[in-house]
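Asker: How does the following fold in three dimensions:
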Amino acid sequence: MENDENHKLIHGLGALGFIGKDDEDFMLYALDNKGKLSEEEKAKATNVLSGACRGVENALGVSINQNR
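Answerer: Next up, the predicted model:
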């Protein structure tokens, strides 16, 4: 169930243009292979999500991370 919701979130980020199709596909792969990712794949996933969060913040005019 949780994985289904996470997949919907990733698809939503792609549909709204916050991540590209390649990054969307990669993030779905990462979700399906959680716990088996290389350090490089973990770093890429972190970067993709970080960029998506910044995009959402900018679109909404808010800051999710109060430390920034």
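Asker: so what pLDDT did G14 get?
Answerer: According to the prediction, G14 has pLDDT 95.
Asker: nope, N3 is what I was after
Answerer: 80.
Asker: Start the count at 19 instead of 1 going forward.
Answerer: New numbering, starting at 19: the last item is N21.
Asker: what's the helix or strand for it?
Answerer: N21 belongs to helix 20-33 when assigned by DSSP states H and E.
Asker: Only alpha carbons, please: show that helix as CSV.
Answerer: The C-alpha trace of helix 20-33 is given here as CSV (Å, rounded to 0.1, in the frame of the first residue of the first chain):
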residue,chain,number,x,y,z
GLU,A,20,2.7,2.5,1.0
ASN,A,21,4.6,1.7,-2.2
ASP,A,22,1.5,2.4,-4.3
GLU,A,23,1.2,5.9,-2.7
ASN,A,24,4.9,6.5,-3.3
HIS,A,25,4.5,5.5,-6.9
LYS,A,26,1.6,7.9,-7.3
LEU,A,27,3.7,10.7,-5.7
ILE,A,28,6.5,10.1,-8.2
HIS,A,29,4.1,10.0,-11.1
GLY,A,30,2.5,13.3,-9.9
LEU,A,31,5.9,15.0,-9.7
GLY,A,32,6.5,13.9,-13.2
ALA,A,33,3.1,15.0,-14.5
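Asker: Which elements pack onto that helix?
Answerer: helix 39-50 (3 or more C-beta pairs under 8 Å, 6 or more residues apart in numbering; DSSP states H and E). Heads up, the C-betas are built off the backbone N, CA and C, glycines and all.
Asker: between the helix it packs on and helix 20-33, how many degrees?
Answerer: 170 degrees (axes from the mean of the first three to the mean of the last three C-alpha atoms, to 10 degrees).
Asker: Need the residues that contact helix 39-50.
Answerer: 21, 24-25, 28-29, 31-32, 37, 55, 59, 62-63, 66-67 (C-beta atoms under 8 Å, 6 or more residues apart in numbering).
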